[in-house]
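Engineer: Predicted structure and sequence below. I'll ask about it afterward.
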Amino acid sequence: MTYERWKVRVSSIVILNCRRVAKEQGWELSDLLRALIFLSANAKFLNLPNNDVFKRLATLTRIYGGHREYPSPGSRSELVSIHLPAGFAEVLKLYARTTGRSLSSLIDGLILAGLKLHLKATGELLKAVRAVAEEPPPSMGTLQNQAALPRSLRS
């Protein structure tokens, strides 16, 4: 399997949070970044056929060509090295070309979206586990259909 190595600029705050999550959950930072990019890219691509913003960006890019994106004044970013499978890298390049975005801007957005999705999903899992752990076990008399239970468990 071949990988492409990209050097991209990513928001310092996003990278700081990714480093924290990687440390807390036992990830290597590079693996976490790759997983977040993959997770959010697939979620984003599933919605493209009906996405009006994507259609407008693609049309404007075809008409006017891509635009150069500059970091906003005062924004802080870090140069990050990311290794992506060659086929997936080509898909991301195609999306960036179609929408007129720079690879850095695209990757920064995908990492942020993936991080939000990962943290939200992890939080929901923890809430569900806590809710189940706090529920008292049902007593045998409250079960609706005791006939379905083995005889040794019937009250």
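Structural biologist: Alright, I've got the coordinates. Residues are numbered from 1 along each chain as shown.

Engineer: Can you show me the helices along this protein?
Structural biologist: 12-25, 29-46, 52-64, 86-99, 103-134 (DSSP state H).

Engineer: Kindly provide the whole-number mean pLDDT of the third one.
Structural biologist: Throughout helix 52-64, pLDDT has a mean value of 71.

Engineer: and among the helices of the chain, the most buried is which?
Structural biologist: helix 29-46 (a mean of 17; mean count of other Cβ atoms under 10 Å). Heads up, the C-betas are built off the backbone N, CA and C, glycines and all.

Engineer: Look up how far residue 130 lies from the residue nearest the centre of the chain.
Structural biologist: Nearest to the geometric centre of the chain sits residue 114, at 1.8 Å (Cα atoms, centre = their mean). Applying Cβ to Cβ, to the nearest Å, the value for residue 114 to residue 130 is 25 Å.

Engineer: so what's residue 3 up against?
Structural biologist: Residues in contact with residue 3 (Cβ atoms under 8 Å, 6 or more residues apart in numbering) are 83, 84, 85, 86, 89.

Engineer: Could you rerun that using 7 Å?
Structural biologist: 83, 84, 85, 86 (Cβ atoms under 7 Å, 6 or more residues apart in numbering).

Engineer: Isn't the last one up against residue 4?
Structural biologist: Yes - counting by Cβ atoms under 7 Å, residue 86 sits close enough to residue 4 to count as a contact (5.4 Å).

Engineer: if we can go back for a sec, among the helices of the chain, which comes closest to residue 79?
Structural biologist: Nearest to residue 79, of all these, is helix 103-134, at 9.1 Å by Cβ to Cβ.
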